[in-house]
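Student: Here you go, sequence then predicted model.
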Amino acid sequence: MKIVRFRIGITVKVLIFNFILIGSVGAVLIFKVWSSGMEEIDISQNRIMQEKRAALVMTNQVVQTALQGFYDSIKDQIPADGKWKGTEIQDKLNQIMAPIRFSLGAEQGIYFFSLDRQGYFIAHANQSLVGKNGMQLKDSKNVYFVRELVDTAFSKGGGFVHYSYPKLGSKESYPKMAYSTEFKPLDITVGSGIYIDDIKNQVNLVRAEIEGDIRLTIIQMVLFLVAMGAMSGGVYHWMLARPIRRCSEAITHLGNNDFTFALSERDASRQDEIGDIARGYNRTREKLSEVLKNFTDDVGTSAENVASASAELTQSIDEMQNTMDNISEEIEGGATSLSQISGIVQEIASTTTEIVGQISEIQQNAELTEIAANQGNQAIERTIQAMEQIEDSSKRIEGIINVITDIASQSNLLSLNAAIEAAKAGEFGKGFSVVADEVRSLAVRSSDSVVEIRQLIEVSTANVQQGNQVNQETQTVLQDIIGQVQGISLKIREISASIMEQDKGIQEVASSTEEIARVSESHSAAVTELSQTAKEMAKTAVDLHKMADVMTDKVQGFKL
């Protein structure tokens, strides 16, 4: 696939570079301006939030001061047990807090409320909640905010609580922030609250103002950077691009064999790199013109000499070509004979290799047979040892049976004696007589079992002796087989060694034949290559003659 390349002038490239550079700097500056603006927005948001928190704390303290004055005016009316007298003091408390619920922080949207320790509303902007318990109230996020307000005031010494709550006249919940503290003399809380969406509205106003300033600054910066890029591009075009274009035109004339075009004195007199290029070009043009003029004269004389030498070289090459053809025919005849000899030797070597492979296979089978016979002999030896152990065990069991027989006989006698003594004892010996009968019965069964075991052991011993004799005979036969296999394996090794020696000699003959064939082929290739070289030399002589003519024509094409 051919790649299409577009020609872009150096002026355009420099302009593109300038705009990229200026655009990069502009992007960095814009990013810095934008980052600073966003940081300023965050700072403003935090500042407004801190101001609102401070306002909540301050107004809460103002209410605390007002309640302290109220308390001082009615503390004599509180009984010693700390209980209210009816609802008179509670009504007065509601009356004093009602005017300040919105008055102190009205311009900032702050309002006040009060709760007792049980969660009953003492004062609230929503009068319907006054006197009701709010411990079970929770916002849209399942936060029991009344519990949080009471716990923060009484247990934590005061603090901020965040939750959601509807505004007056609305059913929709809005996020809000409240500051709850304890008024210890009356054991109630004092809370100041504000809806956070009011804070967000102020933050959004600040954000809009800062973002407008940022956009204006960015527009001014972009216009300034574009103007700077255009001005730098114009200066570059007049100071650098036009002189460079004239130098390019001069070099193009030089490439077209036109040595008559020279750069102006204005370009050559510049004291910078462009002036150096102009002066260098003019000097080069003058020297090349002089060299080409002398070269033209020399080429004419050289062309005549090349034509004469080319004719003589062609005649000598024809004679050498005939000699090379005769040598090549003789080498081809010798190569044919060597090829036939090499084929016979390769056939013999192949047969020998096949015989060696068969003998190696026979030798491996003999070795496997010897290994199997040795393993069988070892197995028979282990069997004989096991049978001898069985025979020894049978003898020990027979001795144990004799002991059991003696015990049974003695038990039988004892049982008879016991039966006699029981008969003498009369009525008192009946129980002992039953035991004696059982012992005699057990002795008789033991004696019968011992007789059966002895018969089985005698039969087993006879079988073991017969098997031991058969194993010994088999072991003798296997040892004879091992001896014969070892003798055969030795003969096979001797035959294999002799054939391997013959195969080595045949391989040497084959290698020598192949070497002679390679030498013959090499000679033939050398002759062929020499013949080809002679042809190329003849062609080169003709080409030299043509090149001399072409060179003459080319030199005549220069404008000097």
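Tutor: Cool, got the structure.
Student: Just the pLDDT at the residue of the chain most remote from its centre, thanks.
Tutor: Taking Cα atoms, centre = their mean, the residue of the chain most remote from its mean C-alpha position is Lys424, at 103.0 Å. pLDDT for Lys424: 75.
Student: Lys132 now?
Tutor: The model's pLDDT for Lys132 equals 90.
Student: burial measure for it, as a count.
Tutor: 12 (other Cβ atoms under 10 Å). Backbone N, C-alpha and C define where each C-beta goes, glycine included.
Student: Leaving aside the residues adjacent along the chain, what's closest to it?
Tutor: Phe121 (5.8 Å; Cβ to Cβ, 6 or more residues apart in numbering).
Student: so what does whichever strand or helix holds the one you found touch, helix or strand wise?
Tutor: For Phe121, the host element (DSSP states H and E) is strand 121-123. Here strand 121-123 touches helix 88-97, strand 111-116, going by 3 or more Cβ pairs under 8 Å, 6 or more residues apart in numbering; DSSP states H and E.
Student: Could you identify which of the ones you listed has the lowest mean pLDDT?
Tutor: helix 88-97 (a mean of 64).
Student: now whatever helix or strand Asn60 lives in against strand 111-116, angle please.
Tutor: Here Asn60 is covered by helix 10-74, with elements defined by DSSP H and E. Put simply, helix 10-74 runs at 50 degrees to strand 111-116, going by axes from the mean of the first three to the mean of the last three Cα atoms, to 10 degrees.
Student: isn't Val130 right up against Phe121?
Tutor: Yes - with contact defined as Cβ atoms under 8 Å, Val130 counts as touching Phe121 (5.1 Å).
Student: Could you check which of these two has the larger neighbour count?
Tutor: Phe121 (21 against 18).
Student: Which neighbouring elements make contact with the host helix or strand of Ala227?
Tutor: Per DSSP H and E: Ala227 is located in helix 196-236. Contact partners of helix 196-236 among helices and strands, from 3+ Cβ pairs under 8 Å, 6+ apart: helix 10-74, strand 173-183.
Student: Can you list the helices and strands that the last one packs against?
Tutor: Identification of packing neighbours for strand 173-183 by 3+ Cβ pairs under 8 Å, 6+ apart yields helix 10-74, helix 145-154, strand 159-166, strand 188-195, helix 196-236.
Student: deepest of those, which one?
Tutor: strand 188-195 (a mean of 23; mean count of other Cβ atoms under 10 Å).
Student: so what strands line up beside that one?
Tutor: strand 111-116 (antiparallel), strand 173-183 (antiparallel) (DSSP bridges).
Student: Alpha carbons only: can I get that strand in PDB?
Tutor: Taking only C-alpha atoms (Å, rounded to 0.1, in the frame of the first residue of the first chain), the coordinates of strand 188-195 have been written out as PDB:
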ATOM      1  CA  ILE A 188     -34.000  22.000  79.500                       C
ATOM      2  CA  THR A 189     -32.200  22.300  76.200                       C
ATOM      3  CA  VAL A 190     -31.600  25.400  74.100                       C
ATOM      4  CA  GLY A 191     -31.400  24.700  70.400                       C
ATOM      5  CA  SER A 192     -30.600  27.000  67.500                       C
ATOM      6  CA  GLY A 193     -31.100  25.600  63.900                       C
ATOM      7  CA  ILE A 194     -30.700  26.600  60.300                       C
ATOM      8  CA  TYR A 195     -31.500  24.900  57.000                       C
END
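Student: could you give the angle of that strand to helix 196-236?
Tutor: Taking the same axes, to 10 degrees, one finds strand 188-195 and helix 196-236 inclined to each other by 40 degrees.
Student: Touching strand 188-195 from outside, list them.
Tutor: 52, 55-57, 59-60, 63-64, 67, 93, 105, 108-117, 122, 149-150, 153-154, 167, 174-183 (Cβ atoms under 8 Å, 6 or more residues apart in numbering).
Student: returning to what we had before: can you put the helices and strands packed on helix 196-236 in a markdown table and add mean pLDDT and distance to Ala462?
Tutor: Output for these, formatted as a markdown table (pLDDT from 0 to 100; distance: least, Cβ to Cβ, whole Å):
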| stretch | mean pLDDT | distance to Ala462 |
| --- | --- | --- |
| helix 10-74 | 81 | 109 |
| strand 173-183 | 91 | 108 |
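Student: right, so of these, which gets closest to Phe224?
Tutor: helix 10-74 (8.8 Å; Cβ to Cβ).
Student: for the stretch 201-350 of the chain, which spans come out with low pLDDT?
Tutor: Applying pLDDT under 70 to the predicted model, the residue ranges of the stretch 201-350 of the chain that meet it are 236-237, 240, 254, 259, 295-300, 302-307, 309-321, 323-345, 347-349.
Student: mind checking which of the strands paired with strand 188-195 is nearest Asn18?
Tutor: strand 173-183 (51.7 Å).
Student: Check which helices and strands the helix or strand hosting Thr252 sits against.
Tutor: Per DSSP H and E, Thr252 falls inside helix 242-255. Judged by 3+ Cβ pairs under 8 Å, 6+ apart, helix 242-255 is in contact with helix 265-268, helix 273-425.
Student: Just the C-alphas of the shortest one, formatted as PDB.
Tutor: Translated: helix 265-268. Extracted C-alpha coordinates of helix 265-268, given in PDB (Å, rounded to 0.1, in the frame of the first residue of the first chain):
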ATOM      1  CA  GLU A 265      24.300  39.600  -2.600                       C
ATOM      2  CA  ARG A 266      21.600  40.600  -0.100                       C
ATOM      3  CA  ASP A 267      21.300  36.900   1.000                       C
ATOM      4  CA  ALA A 268      25.100  36.400   0.900                       C
END
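Student: same for it, what does it pack against?
Tutor: helix 242-255, helix 273-425.
Student: Now it: buried residues?
Tutor: Asp267, Ala268 (16 or more other Cβ atoms under 10 Å).
Student: tell me how far that helix is from the chain's mean position?
Tutor: 64 Å (Cα atoms, centre = their mean, to the nearest Å).
Student: Repeat that for stretch 459-471.
Tutor: Counting by Cα atoms, centre = their mean, stretch 459-471 comes out at 72 Å from the chain centroid.
Student: do stretch 394-413 as well
Tutor: 81 Å.
Student: Can you tell me the closest non-neighbouring residue to Arg117?
Tutor: Closest to Arg117 by Cβ to Cβ, 6+ apart is Asp187, at 5.8 Å.
Student: Confirm for me that that neighbour is in contact with Asp116.
Tutor: Yes - between Asp187 and Asp116 there is a contact under Cβ under 8 Å: 6.8 Å.
Student: Have a look at those two and say which one is more surrounded.
Tutor: Using other Cβ under 10 Å as the criterion, Asp187 and Asp116 rank with Asp116 on top: 15 against 11.
Student: Which strand residues bridge the residue nearest to the more buried one when sequence neighbours are not counted?
Tutor: Nearest residue to Asp116 in three dimensions, chain neighbours excluded: Ile188, at 5.1 Å (Cβ to Cβ, 6+ apart). According to DSSP bridges, the residues that bridge with Ile188 are Asp116, Phe183.
Student: separation between Ile188 and Leu216?
Tutor: The spacing between Ile188 and Leu216, counted by Cβ to Cβ, to the nearest Å, is 53 Å.
Student: Could you do Thr284 as well?
Tutor: 58 Å.
Student: same deal with Lys156?
Tutor: In terms of Cβ to Cβ, Lys156 sits 48 Å off from Leu216.
Student: now swap in Val28 and tell me
Tutor: 19 Å.
Student: With Thr476 instead?
Tutor: 119 Å.
Student: ditto for Gly26
Tutor: 15 Å.
Student: Next: Gln271.
Tutor: Distance from Gln271 to Leu216, counting by Cβ to Cβ: 46 Å.
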